[in-house]
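Colleague: Please find the sequence and the predicted model below.
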Amino acid sequence: MKGLIGKKVGMSQVFVEGGNMVPVTVIDITSLIVVGKRTPEKDKYSAVTLGFGVAKEKRLTAAQKGSFKKAGAPGRKIVKEFRMSAEEVAKLNVGDEVKADLFIKGQMVDVTGITKGRGYQGVMKRWSFRGFGQTHGTHEYRRHPGAIGQRKTPGRVYPNKKLPGHYGVEQVTTQNLEVIEVITEKNLILVKGGIPGHNEGVVIVRPSIKSAIRESHKKKK
Amino acid sequence: MRPSAIEFIESRQLRKEVTEFRPGDTVRVNWIVKEGDKEREQAFEGMVIRKKRGGVASSFTVRKMSFGVGVERVFPLHSPRYSSIDVLSRGKVNRNRLFYLRGLKGKSARVDVHDENELLEGAAPVAQTAPAAAPAK
């Protein structure tokens, strides 16, 4: 399988072998189940649909209710599709719980989440601009962006110019995080370091693409 | 309130028995050093100048004078990397963080010995159980 949906519980520290302490983020995948399958015969591609977060029936739309009923799975708040081979899909059943042992200790993963909202921010926070000197006569221009364009040519500001604006609440993937521990019976995954978003936020854990590419290079040799 | 999942992860890592000591006490930390595939113990002896509380992240700082140079080392209180902590003497101090010792040398850098010390003499290192850290299950 190619990924999991979970909840960011929060951060902690654990002692690893050798006695060193590492910072970890705890991801909880309780309530993650298979809610649907895509097969080559029917959909022209194969994938598995996972659902996370127990949803009250009255909170679901009629369309959602219908699709869960048709698949024969209980309602879930968040539904995501993960591509995988047809043989693997065939092994799974709708309604099956997904266990944390999909990932193993030491494996590299990418974690996707929605970052914390920071509101309307200036260029120094939003784009890491350097700003201006705090002294030597700087007058009301300490955190400004500076010049934003040229002269009569082109006479306009280029699109995507880095300027102040709303920052945060965007999808971000943190790549190459090591899985420190997998606690299957508690449905917990511990990854090294921080991941995007606030506690209780929904995150997606996938095998790291960078390490997958590296592996494929090794095989070629 | 902290999430129970984090509570569980942290509580199972706490050392069951933590020697009780306070800032001002002189202690010997028997740290396990790995050299290649061999393990040996290396003692670090000095005065505790700080104890930081924080569950599994608790730590303490030990300061000693080594060839006239002050050396400080921070140890995680729940680290599996030390075999034991021996309390050599109890100090009587009026504050929790003894950073003022850093600026002092020789006679003035001493700390009064606590009356409890007589109890310690000749006796094995005081090993008192820390507040129950029962694994949450």
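Modeller: Done, it's in. Everything numeric here is computed off the predicted structure, so don't read it as measured data.
Colleague: check contacts around B:V33.
Modeller: B:E39, B:R40, B:E41, B:Q42 (Cβ atoms under 8 Å, 6 or more residues apart in numbering or on different chains). Glycine gets a C-beta too; all of them are placed from N, C-alpha and C.
Colleague: Which strand residues bridge it?
Modeller: Listed by DSSP bridges, the beta-bridge partners for B:V33 are B:R40.
Colleague: what does A:P154 give?
Modeller: A:R151.
Colleague: measure it to chain B for me?
Modeller: Between A:P154 and chain B the distance, using Cβ to the nearest Cβ, to the nearest Å, works out to 53 Å.
Colleague: any idea how far A:L163 is from that residue?
Modeller: Using Cβ to Cβ, to the nearest Å, we find A:P154 at a distance of 16 Å from A:L163.
Colleague: Just want to know which of the two has more residues nearby.
Modeller: Taking neighbours as other Cβ atoms under 10 Å in any protein chain shown, A:P154 and A:L163 compare with A:L163 leading, 12 against 9.
Colleague: looking at it, the more buried one is touching A:G149, isn't it?
Modeller: No. The criterion here is Cβ atoms under 8 Å, and A:L163 misses it with A:G149 at 10.9 Å.
Colleague: who are the neighbours in contact with the closest residue to A:N199 other than its chain neighbours?
Modeller: Leaving out its chain neighbours, the residue that sits closest to A:N199 by Cβ to Cβ, 6 or more residues apart in numbering or on different chains is A:G10, at 4.6 Å. Residues counted as contacts of A:G10 (Cβ under 8 Å, 6+ apart) are A:T25, A:V26, A:N199, B:R2, B:P3, B:I6.
Colleague: Same question for A:G75.
Modeller: By Cβ under 8 Å, 6+ apart, the contact set of A:G75 is A:G51, A:V54, A:A55, A:K56, A:E57, A:L60, A:Q64, A:K65, A:F68.
Colleague: what are the bridge partners for B:V69, then?
Modeller: Going by DSSP bridges, B:V69 forms beta bridges with B:S66.
Colleague: mind checking pLDDT for it?
Modeller: At B:V69, the pLDDT value in this model is 88.
Colleague: That one and B:F44, how far apart?
Modeller: In this structure, B:V69 and B:F44 are 14 Å apart, going by Cβ to Cβ.
Colleague: all strands for chain A, in order.
Modeller: Taking DSSP state E, the strands of chain A run over residues A:4-15, A:21-28, A:33-38, A:47-54, A:76-83, A:108-114, A:119-121, A:165-167, A:171-183, A:188-192, A:202-207.
Colleague: Ok, chain B next?
Modeller: Per DSSP E, chain B carries strands over the ranges B:26-35, B:38-52, B:59-66, B:69-76, B:82-89, B:91-92, B:112-113.
Colleague: other SSEs contacting the fourth one?
Modeller: With contacts defined as 3 or more Cβ pairs under 8 Å, 6 or more residues apart in numbering or on different chains; DSSP states H and E, the packing partners of strand B:69-76 are strand B:26-35, strand B:38-52, strand B:59-66.
Colleague: Identify each buried residue in it, please.
Modeller: Across strand B:69-76, burial judged by 16 or more other Cβ atoms under 10 Å in any protein chain shown covers B:F75, B:P76.
Colleague: What lies in contact with that strand?
Modeller: A:15, A:21, B:29, B:31, B:44, B:46, B:49, B:57-65, B:82, B:102.
Colleague: One more pass at 7 Å, please.
Modeller: For strand B:69-76, the surrounding residues in contact (Cβ atoms under 7 Å, 6 or more residues apart in numbering or on different chains) are A:M21, B:V29, B:F44, B:S59, B:F60, B:T61, B:V62, B:R63, B:K64, B:Y82, B:R102.
Colleague: Near chain A, which residues of chain B are found?
Modeller: Contact residues, chain B versus chain A (Cβ under 7 Å from any Cβ of the partner chain): B:3, B:5-6, B:8-10, B:13, B:56-57, B:76, B:79-81.
Colleague: coming back round to it: distance to A:P159 added to the strands of chain B, as a markdown table?
Modeller: A markdown table is the format used below for the strands of chain B (distance: least, Cβ to Cβ, whole Å):
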| stretch | distance to A:P159 |
| --- | --- |
| strand B:26-35 | 56 |
| strand B:38-52 | 51 |
| strand B:59-66 | 51 |
| strand B:69-76 | 51 |
| strand B:82-89 | 59 |
| strand B:91-92 | 67 |
| strand B:112-113 | 72 |
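Colleague: Which residue does chain A have closest to chain B?
Modeller: A:G19 (3.4 Å; Cβ to the nearest Cβ).
Colleague: Run a quick check on that residue versus B:Y82, I expect a contact.
Modeller: No. In this structure, A:G19 is not within contact of B:Y82 by Cβ atoms under 7 Å, at 8.6 Å.
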